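Novice: take a look and give me a structure for this.
(one chain, ligands or ions: 2)
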Amino acid sequence: MAKHWADFQYEIYLNGMTGTVPRLPTDLTRLEELTEQRLGPGPVGYVAGSAGDGSTARANRAALQGRRIVPRMLRDVQERDLSAEVLGRALPAPLALAPIGVLSIMHPEAETAAARAAAAQEVPFVLSSASSTPIERVAEAMGDAERWFQLYWAKDREVTRSFLNRAKASGFSVLVVTLDTPLLAWRPRDLDQAYLPFLHGVGTANYFSDPAFQAGLTKPVHEDPNAAVLHFVGMFADPGKTWPDLAFLRENWDGPIVLKGIVHPDDARLAVDAGMDGVVVSNHGGRQVAGSIAAADALPRVAEAVGDRLTVLFDSGVRTGDDVFKALALGARAVLLGRPYVYGLALDGQAGVEHVIRCLLAEFDLTLALSGHATPGSLGPADLVEQSV
Ligand SMILES: Cc1cc2nc3c(=O)[nH]c(=O)nc-3n(C[C@H](O)[C@H](O)[C@H](O)COP(=O)(O)O)c2cc1C
Ligand SMILES: O=C(O)C(=O)c1ccccc1
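Specialist: Ligands and ions are numbered 1, 2, ... in the order given. The predicted structure follows:
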């Protein structure tokens with residue numbers, strides 16, 4: 001049975017009859033400012049900050065806002081079904097939570113709370129390699145709910161192999177390989193605070209708990225944590241990797257593999273050649289290449305280049321239900337939600353993340369209906385016009 005996401009709207013009004021209003025705003029674009037007031041400058045700068053002067057993050061928003069929906073009338077939108085088949089999985093909506101590292105700087109329950117929220121709402125949770133909670137503990141918190149694993153592809157092959165095995169053993173079904181972060185970009189908000197969570201041993205849980213990682217240390221982590229941090233910094237990413245290296249991942253992962261951070265159509269074609277199953281069109285929320293193409297501008301070109309050969313997912317700048325509509329109309333099969341869920345977590349733990357998911361999907365459901373669509377499958381470029389804002 002299709003989930004009725006828009007019922008959340010009615011539920012909120014009904015609660016109002018007993019004087020209850022939502023604990024967090026229902027306009028999700030307001031969450032960033034509230035989080036800025038709540039968290040310390042280090043953590044909030046880390047989440048809200050971007051590369052360079054922040055222009056790429058702004059461009060992500062502008063590219064979505066510059067496309068406007070052209071609603072159609074009298075098309076029977078009474079019974080709607082938001083479900084989507086994504087990478088062979090039947091999802092109740094075209095949405096997953098994006099991989100976000102170091103969530104313990106946002107809330108003490110960190111990834112566990114976010115993963116529980118995703119499970120409760122039946123939205124896949126993509127766990128970051130750089131999580132503050134180990135793979136196995138996140139899996140325990142999720143029961144048999146849909147979970148995907150994001151790989152930061154380490155220099156050390158054995159660590160990568162071990163991560164893949166741990167993720168498989170813990171029931172993670174899809175591998176999301178992030179390619180746009182072989183180095184951390186110039187991020188002034190973090191630099192000005194001299195704030196990098198990993199140097200304080202936050203976001204290293206999967207590494208410090210890993211036998212292959214531990215094998216590279218001369219002393220156990222607890223005896224020499226600084227040496228462990230330095231070892232992590234040296235092997236965390238590998239700027240020397242090239243396309244043929246993907247064969248190693250293909251050999252060591254049985255399920256779907258998705259490359260995250262693709263914005264050039266030729267790279268999407270190379271992903272097809274490498275036997276990949278999907279791409280995430282993303283510029284990492286504007287946190288990596290300052291001045292890069294906005295993710296929503298890259299999306300139609302990538303979608304056109306790959307046709308049906310790859311599953312195209314999208315993130316970077318999604319804040320509202322109409323953003324989800326626009327991303328799907330531009331060629332995405334589903335979207336990943338980034339910062340807004342982290343703000344929900346920071347402000348109200350698991351309940352905050354559930355609030356964010358429910359608001360986003362209720363608004364998307366209503367946008368779909370009011371624009372004349374009963375399913376996401378009927379969206380296409382003809383539902384949008386380009387218009388400067
Ligand atoms: C605080 C923070 C940490 C992130 N950590 C990761 C990560 O560990 N792995 C990854 O692939 N992407 C990471 N991302 C990028 C997100 O997966 C996603 O691409 C981005 O948040 C989308 O942009 P938006 O949040 O502006 O919508 C991170 C983003 C933020 C804001
Ligand atoms: O901060 C990020 O954007 C990010 O992707 C990251 C990089 C290294 C570790 C954790 C997250």
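
Novice: right, and Ala119 touches Ala139 too?
Specialist: No: Ala119 lies out of contact with Ala139 (Cβ atoms under 8 Å); the separation is 10.6 Å. To be clear about C-beta, it is placed using only N, CA and C from the backbone, and glycine gets the same treatment.

Novice: apart from its chain neighbours, what residue comes closest to Ala382?
Specialist: Excluding the flanking residues, the one nearest Ala382 by Cβ to Cβ, 6 or more residues apart in numbering is Val70, at 7.8 Å.

Novice: could you report the neighbour count for that neighbour?
Specialist: Using other Cβ atoms under 10 Å, the number of residues around Val70 comes to 11.

Novice: was I right about it contacting Asp383?
Specialist: Yes: the pair Val70 / Asp383 is scored as a contact, 6.0 Å apart, by Cβ under 8 Å.

Novice: which neighbours do these two share?
Specialist: Jointly contacting Val70 and Asp383 under the rule Cβ atoms under 8 Å, 6 or more residues apart in numbering are Ser371.

Novice: other residues contacting the helix or strand harbouring Asn15?
Specialist: Element membership for Asn15 (DSSP states H and E) is helix 7-16. Helix 7-16 is contacted by residues 21-22, 26, 358-359, 361-362, 366 when judged by Cβ under 8 Å, 6+ apart.

Novice: returning to what we had before: so the residue nearest to Ala382 versus Ala48, what's the distance?
Specialist: Distance, Val70 to Ala48, using Cβ to Cβ, to the nearest Å: 32 Å.

Novice: same check on Arg161?
Specialist: On the measure of Cβ to Cβ, Arg161 and Ala48 end up 35 Å apart.

Novice: so between these two, which is more surrounded?
Specialist: Using other Cβ under 10 Å, the more surrounded residue of Arg161 and Ala48 is Ala48, with 19 against 16.

Novice: residues contacting that one?
Specialist: Contacts of Ala48 were listed using Cβ under 8 Å, 6+ apart, and they are 32, 35-36, 189, 339.

Novice: which phi and psi does whatever residue of the stretch 151-300 of the chain ends up closest to ligand 2 have?
Specialist: Of all residues in the stretch 151-300 of the chain, Arg287 sits closest to ligand 2, at 4.4 Å by Cβ to the nearest ligand atom. Phi and psi for Arg287, reported as degrees, to the nearest 10, are phi -100, psi -10.

Novice: where does pLDDT dip in the stretch 201-350 of the chain?
Specialist: Applying pLDDT under 70 to the stretch 201-350 of the chain flags no residue at all.

Novice: all helices for it, in order.
Specialist: 205-208, 211-214, 225-235, 246-252, 265-273, 295-306, 321-329, 339-370 (DSSP state H, counting those that start in this stretch).

Novice: pull the distance from the first one to the chain's centre.
Specialist: In this case it means helix 205-208. Put simply, helix 205-208 sits 20 Å off its chain's centre (Cα atoms, centre = their mean, to the nearest Å).

Novice: what helices or strands is that helix leaning on?
Specialist: helix 157-169, helix 225-235 (3 or more Cβ pairs under 8 Å, 6 or more residues apart in numbering; DSSP states H and E).

Novice: swap in the longest one?
Specialist: When contacts are defined as 3+ Cβ pairs under 8 Å, 6+ apart, helix 339-370 packs onto helix 7-16, helix 31-38, helix 41-48, strand 95-97, helix 110-121, helix 321-329, strand 334-337.

Novice: residues contacting the shortest one, please?
Specialist: The contact list for strand 95-97 (Cβ under 8 Å, 6+ apart) reads 86, 114, 118, 123-126, 148, 313, 324, 334-337, 341, 353, 357, 360-361.

Novice: could you do the second one as well?
Specialist: Applying Cβ under 8 Å, 6+ apart, the external contacts of helix 31-38 come out as 24-25, 44, 47-48, 339-340, 342-344, 346-347, 356.

Novice: got a quick ChimeraX command for the buried subset of the residues you listed?
Specialist: To isolate the buried ones among those in ChimeraX, judged by 16 or more other Cβ atoms under 10 Å, type:
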select :24,44,47,48,339,340,342,343,344,346,347,356
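
Novice: closest one to ligand 2 out of the contacts of helix 31-38, please.
Specialist: Closest approach to ligand 2 among the contacts of helix 31-38 (Cβ to the nearest ligand atom): Val47, at 8.5 Å.

Novice: dump the helix or strand harbouring Phe149 to PDB, restricted to CA.
Specialist: If you go by DSSP H and E, Phe149 is part of strand 147-151. The C-alpha coordinates for strand 147-151 follow below in PDB (Å, rounded to 0.1, in the frame of the first residue of the first chain):
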ATOM      1  CA  ARG A 147      20.900   0.700   4.600                       C
ATOM      2  CA  TRP A 148      23.600   1.700   2.200                       C
ATOM      3  CA  PHE A 149      27.300   2.200   2.900                       C
ATOM      4  CA  GLN A 150      29.400   5.100   1.700                       C
ATOM      5  CA  LEU A 151      33.000   4.400   1.100                       C
END
